[in-house]
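> what follows is a predicted structure for the sequence shown.
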Amino acid sequence: MRDPFASAAAIRDAIRRKDLTSRDAVEASLARIGAVDARLNAFRVVAREAALARADELDRRDEPAGPLHGVPVALKDNLSTRGIATTAGSKILENYRPIYDATVVDRLEQAGAVIVGKTTCDAFAMGSSTENSGYGPTRNPWNLDRVPGGSSGGSAAAVAGGLVALALGSDTGGSIRQPAALCGIVGLKPTYGAVSRYGLLAFASSLDQIGPFGRTVEDAALLFDAIAGHDPRDATSAPRPHEATAAAVREPAAALRVGVPRHLFEEGVDAPVLAAFEASLETLRSLGATIETVELPHSPLGVAVYYLVATAEASANLARYDGVRYGCRRPATSLEAMYEASRSTGFGAEVKRRIMLGTYVLSAGYRDAYYLKAQQVRTLIRRDFDRAFEKVDVIATPTSPTAAFPIGARVDDPLSMYLADIFTVPAPLAGLPAISVPCGFTPEDLPLGLQFVSRPWADRLLLQAAAAYERATAWHERHPAI
Ligand code: GLN
């Protein structure tokens, strides 16, 4: 398979027909990584030897191991991989090698996938540009001076640049959907509880969810099917059978009722984003969808609520990085001083900012005013969605108010970085599934994304809606020149 942009489904089928071996597929991916990743920095670690050995092992089998037999996959570096460095993008975990695999890694093995490496991300998944990585920023394959989005920017760039067909990311407030949009690929944040988070290095536990990236909706569905389903090792994983999605995305979708919360676009959304969004609604209409305006009155508060809830949870989750059991330890004369030295040097500026914010909003005297109030508004955000979904099947918005911005443009202005999460934070606050699908380009040839959000457990419907839109458009057929 010479085409670096061949789909995972095509690679899998070629291996089944014996037109290709798993080793060929993995070697092609490794060669492409070798050729372009010095420019992209999408990969933090390439597991070359392990991937080739695994491919050979798969090639010796008589029967396909599973639906991803032989397909190279990349993993965001906050997913635990036994014996392979797992840093979550932070220097504090520079030398950390987990002694166990995340459940999603086990499931990928069962599905026959080959893990080729770990991808660059914002430290502890905190960010929207991959510039908060302790290991250098990742660059956008469409324009090397631009960010790929974040925090799963390495995974998105790896897929968009044709280094792999599939990658996993994690999404707490947009970290799968926003980089998917900025890199011109598909990214799904599943319903909260659909995918086990055992082995995910936690950021904000009431929001975090692992999900797939692919260049087509079908590929994202294949990867989602491989990782979804109950896991007794994650108490938040829902004990319900997974409804397979990959076959369903090929079927024509029923006429959709699409809700559009126009009041969210009144300011701060770039003109090319709005133009592409309106054109997408026209395409949906031509497919038989009905479009109506919906109100999500509390969603404008989403960013404020998110940055209270997520930082509060992060301050608790990151307390474990104290230099004692794992991660970097700085020697000092007392235990207290050792904690301080290890955390001050190991954590980057953004992680420290979040820990301080989170500690503040949980502290005595402020907890009720900030944290509790945020939880109350979070409930109101969810109720707005419940009400909207009484009359529509999906809610459509742009995924991001802008296309990929220049590297460095927002690093000194965290507030502008946070405000750009306006369209992606409401869904995780409400536990809802959401997807981003390519929907056009700016005049500068930067990709744009269309987001659909739906009811809890409507992941399959979301993928079908995205697939119907994809079939009617050709955006996914364009690839960066890198
Ligand atoms: N951009 C958001 C943040 O900085 C979302 C990150 C994520 O989803 N992990 O927190």
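Received the coordinates, thanks.
> for residue 75, give its distance to residue 171.
Separation of residue 75 from residue 171 (Cβ to Cβ, to the nearest Å) stands at 14 Å. C-betas here are computed from N, CA, C, even on glycine.
> I should have written residue 239 there, sorry.
Here the distance between residue 239 and residue 171 works out to 22 Å (Cβ to Cβ).
> of those two, which one has the most company?
Neighbours were tallied for residue 239 and for residue 171 using other Cβ atoms under 10 Å; the higher tally belongs to residue 171 (28 against 9).
> tell me who's in contact with that one.
152, 177, 187, 189, 208, 209, 210, 211, 424, 428 (Cβ atoms under 8 Å, 6 or more residues apart in numbering).
> report the two of those residues separated the most.
Based on Cβ to Cβ, the longest span within the contacts of residue 171 runs between 210 and 424 and measures 15.8 Å.
> list the contacts of the closest residue to the ligand within the stretch 351-482 of the chain.
Across the stretch 351-482 of the chain, no residue is closer to the ligand than residue 421, which sits at 4.9 Å (Cβ to the nearest ligand atom). The contact partners of residue 421, by Cβ under 8 Å, 6+ apart, come to 128, 173, 174, 178, 302, 303, 306.
> same question for residue 443.
Residues in contact with residue 443, defined by Cβ under 8 Å, 6+ apart, are residue 272.
> that one: which element?
Secondary-structure assignment from DSSP states H and E places residue 443 in no helical or strand segment.
> what do you get for the one 10 residues further on?
Mapping residue 453 onto the secondary structure by DSSP H and E places it in strand 447-454.
> and the next element down the chain from that strand?
Beyond strand 447-454 in the direction of the C-terminus, DSSP H and E gives the next helix or strand as helix 459-471.
> returning to that earlier point: could you look up the SS state of the residue of the stretch 351-482 of the chain closest to the ligand?
Here residue 421 is recorded as coil under DSSP: H, G, I helix; E, B strand; the rest coil.
> what does residue 416 give?
Assigned state for residue 416: helix (three-state reduction, three-state DSSP).
> now do the contacts for the residue nearest to it when sequence neighbours are not counted.
On the basis of Cβ to Cβ, 6 or more residues apart in numbering, the spatially nearest residue to residue 416 that is not a chain neighbour turns out to be residue 410, at 5.3 Å. Under the criterion of Cβ under 8 Å, 6+ apart, the contact partners of residue 410 comprise 129, 416, 417, 420.
> repeat for residue 140
146, 147, 148, 149, 157, 160, 182, 183, 404, 446.
> now do the second one: how many residues are near it, please.
When counting by other Cβ under 10 Å, one arrives at 28 neighbours for residue 147.
> how close does it get to residue 186?
Taking Cβ to Cβ as the criterion, residue 147 is separated from residue 186 by 19 Å.
> per-residue confidence for residue 1?
At residue 1 the predicted local confidence, pLDDT, stands at 59.
> tell me which of the contacts of residue 140 is nearest to the ligand?
Relative to the ligand, and with distances defined as Cβ to the nearest ligand atom, the nearest of these is residue 149, at 8.8 Å.
> surely that closest one meets residue 137?
No - counting by Cβ atoms under 8 Å, residue 137 is not a contact partner of residue 149; they are 11.2 Å apart.
> checking residue 306 next. Helix, strand or coil?
Using three-state DSSP, the structure places residue 306 in helix.
> that one and residue 326: what is the separation?
In this structure, residue 306 lies at 29 Å from residue 326, with Cβ to Cβ as the measure.
> and these two? Which one has more around it.
The residue with more neighbours, out of residue 306 and residue 326, is residue 306; 26 against 16, by other Cβ under 10 Å.
> about what we covered before: mutual contacts of residue 149 and residue 137, please.
Between them, residue 149 and residue 137 share the neighbouring residues 129, 130, with contact defined by Cβ under 8 Å, 6+ apart.
> these two: who's more crowded?
Per other Cβ under 10 Å, whichever of residue 149 and residue 137 has more neighbours is residue 149, with 35 against 23.
> tell me the contacts of that one?
Neighbouring residues of residue 149 by Cβ under 8 Å, 6+ apart: 128-130, 140, 156, 178-183, 400, 404.
> great, nothing more from me.
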